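S.K.: coordinates only, no sequence provided:
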């Protein structure tokens, strides 16, 4: 990544469940240990989950209104200029969560290579008897996406 400020809007995810307990979308989108979105990328050929314990983490939280809670989780590489920020909006009454992941070079030198970026890295539980509904946005398309029949 080139030196200077460089930000990427990675993806806009919205998870919502039907016929399941409240809070399912929050559990689905997290790593099961903490209330943090479960995303994936490699940095310098290492998975973020392996690097993350050494990185500093800051979290902020504020109530936007009676239906939305905004949280920001920022990760900072202790040995390099990379900062990764996840901006999250929780909709508790809808069992939904959306987030945008930002990558920023906070230094003057290039960062190591960032690849295999996945905005959601999880296993979705479900069966024909216990279905779920996954909503998503294709925010980078400027025209409606036509559904292809198989």
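M.R.: Looks like it arrived, so ask away. This is a predicted model, so every value here is computed, not measured.
S.K.: and the strands in the protein?
M.R.: 13-16, 40-43, 46-47, 56-65, 68-76, 82-91, 96-105, 114-118, 133-136 (DSSP state E).
S.K.: those strands: lowest mean pLDDT?
M.R.: Ranked by mean pLDDT, the strands of the chain bottom out at strand 13-16, with a mean of 37.
S.K.: how long is stretch 66-82 end to end?
M.R.: 34 Å (CA to CA, to the nearest Å).
S.K.: buried stuff in that stretch?
M.R.: Under the neighbour-count criterion of 16 or more other CB atoms under 10 Å, stretch 66-82 has 69, 71, 73, 74, 75, 76, 77, 80, 81, 82 buried. For every residue, glycine as well, the C-beta is placed using N, CA and C.
S.K.: surely the second one touches residue 60?
M.R.: I take that to be residue 71. Yes. At 7.0 Å, residue 71 and residue 60 qualify as touching, with contact defined as CB atoms under 8 Å.
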